[in-house]
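Pasted the sequence and its predicted model underneath.
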Amino acid sequence: MEIVKIALVLFLAQQCAGGFDRLRRDDRRFWTALAIPAVSMIALALQPNYGNAAMMGLLTLVMLTLSGLPLRILGWLGAGAVAVSALGFFTIAKINHRLVLWWLGIKDGTIDPSADDKLYQVYQSLLGLGAGGWHGTGIGASQQRFAFLPDSHTDFIFSVVGEELGLAGGLVTLFLFVLLGWRGYNIARNAGDEFGSLVAAGLTTMLLAYAAINIGMVTGVLPVMGLPLPFISYGGSALITNLAAVGILLSIDRQGRALRARKVRVIGRP
């Protein structure tokens with residue numbers, strides 16, 4: 001699953017490089033750019049892995065938007081995504097149950113940990129974040145991690161960060177992700193070609209989206225979707241994929257710098 005995320009970004013960048021004019025001239029290329037992600041999303045949904053299926057859809061929409069797809073077509077694609085989401089909400093009991101409980105918690109400002117196992121995790125996660133205070137309990141001193149919080153090493157690792165390192169550690173973690181996003185999009189803006197720009201923007205969006213959704217679900221702002229926190233959650237294949245994404249970003253940056261340096265030398269010749 002993990003390597004599919006990078007493969008999807010590379011595939012969509014290759015299909016969309018050249019902008020919408022190229023897609024419009026080649027209908028097969030356009031429909032292929034929609035069909036391959038759709039097949040991936042269906043395969044994930046059948047597992048079922050709805051969180052990663054939704055992320056595939058988000059990445060596809062972002063890449064198509066960056067390619068210059070007209071708002072009219074994006075609107076139709078967005079409407080289709082909303083329709084599929086609504087269908088899932090009304091036909092899949094697991095999704096319906098979890099979203100309803102999440103919405104009731106948001107509306108009432110309370111969480112009933114006995115209503116659902118995922119709500120229990122969110123409840124214990126919030127207790128851990130609150131126990132951390134400003135400076136945290138100290139590295140390795142988390143109580144929630146060892147006694148109460150399931151998945152504390154995977155999806156809910158940010159709660160442990162907040163408990164052991166406090167609000168200060170949580171804010172530093174957020175700042176590092178913001179810095180990663182700023183650097184990644186800057187690399188995309190200065191890439192040597194359109195393909196590199198799309199790849200850099202897609203990989204940066206992927207990392208930031210996973211981080212934002214993970215932190216959102218750990219704090220109860222978003223429903224639990226089972227998505228890991230990049231670079232921090234336990235998982236060898238996920239870590240390798242994230243590091244590979246950073247390596248590709250650095251490669252695009254190096255090529256962009258080399259191209260700009262050659263242009264400067266050519267312009268500076270007498």
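Good, I have the coordinates. Please read all numbers here as calculations on a predicted model, not as lab measurements.

pLDDT-wise, which helix or strand of this structure ranks last?
helix 19-25 (a mean of 68; mean pLDDT, DSSP states H and E).

what's the next helix-or-strand element following that one packed up against?
Sequence-wise, the next helix or strand downstream of helix 19-25 (DSSP states H and E) is helix 27-46. If contacts are counted by 3 or more CB pairs under 8 Å, 6 or more residues apart in numbering; DSSP states H and E, helix 27-46 sits against helix 2-16, helix 19-25, helix 50-66. To be clear about C-beta, it is placed using only N, CA and C from the backbone, and glycine gets the same treatment.

Out of these, which is closest to L129?
helix 50-66 (21.1 Å; CB to CB).

buried sites along stretch 55-72?
Neighbour counts over stretch 55-72 (16 or more other CB atoms under 10 Å) mark 55-57, 59-64, 66-67, 69 as buried.

could these be laid out in TSV, adding pLDDT and distance to A245?
Formatted as TSV, the buried residues of stretch 55-72 follow (pLDDT from 0 to 100; distance: CB to CB, whole Å):
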residue	pLDDT	distance to A245
M55	88	14
M56	89	15
G57	88	19
L59	89	12
T60	88	17
L61	87	19
V62	87	14
M63	86	14
L64	85	20
L66	84	16
S67	80	20
L69	77	23
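
And the protein, split by domain according to the record?
1-91, 109-270 (automatic domain parsing).

deepest of these, which one?
Comparing the domains of the chain by mean neighbour count (mean count of other CB atoms under 10 Å), domain 109-270 comes out on top with a mean of 18.

JSON lines for the domains of the chain, including distance to R98?
Formatted as JSON lines, those follow (distance: least, CB to CB, whole Å):
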{"stretch": "domain 1-91", "distance to R98": "9"}
{"stretch": "domain 109-270", "distance to R98": "6"}
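
For H97, find the nearest of those domains.
That would be domain 109-270 among these, by CB to CB, at 6.9 Å.

and A258, what helix or strand is that in?
Assigned by DSSP H and E, A258 falls in helix 236-267.

what's the angle between that helix and helix 2-16?
Relative orientation of helix 236-267 versus helix 2-16 (axes from the mean of the first three to the mean of the last three CA atoms, to 10 degrees): 30 degrees.

ok, the residue nearest to P223 when sequence neighbours are not counted - contacts?
Distances taken as CB to CB, 6 or more residues apart in numbering put W102 closest to P223, at 4.0 Å, once the chain neighbours are dropped. Applying CB atoms under 8 Å, 6 or more residues apart in numbering to W102 gives the contacts 119, 222-224.

how near is D253 to M63?
Separation of D253 from M63 (CB to CB, to the nearest Å): 19 Å.

E2 too?
As for E2, its distance to M63 is 18 Å (criterion: CB to CB).

next one: S233
Counting by CB to CB, the gap from S233 to M63 is 24 Å.

go on, A33?
Taking CB to CB, one finds A33 at 8 Å from M63.

so what's in contact with the two at the same time?
12, 16.

How about the contacts made by F90?
Counting by CB under 8 Å, 6+ apart, F90 makes contact with N96.

in what helix or strand does it lie?
helix 71-91.

who does the helix holding A258 touch, helix- and strand-wise?
With contacts taken as 3+ CB pairs under 8 Å, 6+ apart, helix 236-267 sits against helix 2-16, helix 157-189, helix 194-218.

how far off helix 194-218 does the shortest one point, in degrees?
On the basis of the same axes, to 10 degrees, helix 2-16 is oriented at 140 degrees to helix 194-218.

helices or strands up against helix 2-16?
Contacts defined by 3+ CB pairs under 8 Å, 6+ apart place helix 2-16 against helix 27-46, helix 50-66, helix 194-218, helix 236-267.

And the closest residue to A191 other than its chain neighbours, how close does it get to L66?
Nearest non-adjacent residue to A191, counting by CB to CB, 6+ apart: S197, 4.0 Å away. Per CB to CB, S197 is found 8 Å from L66.
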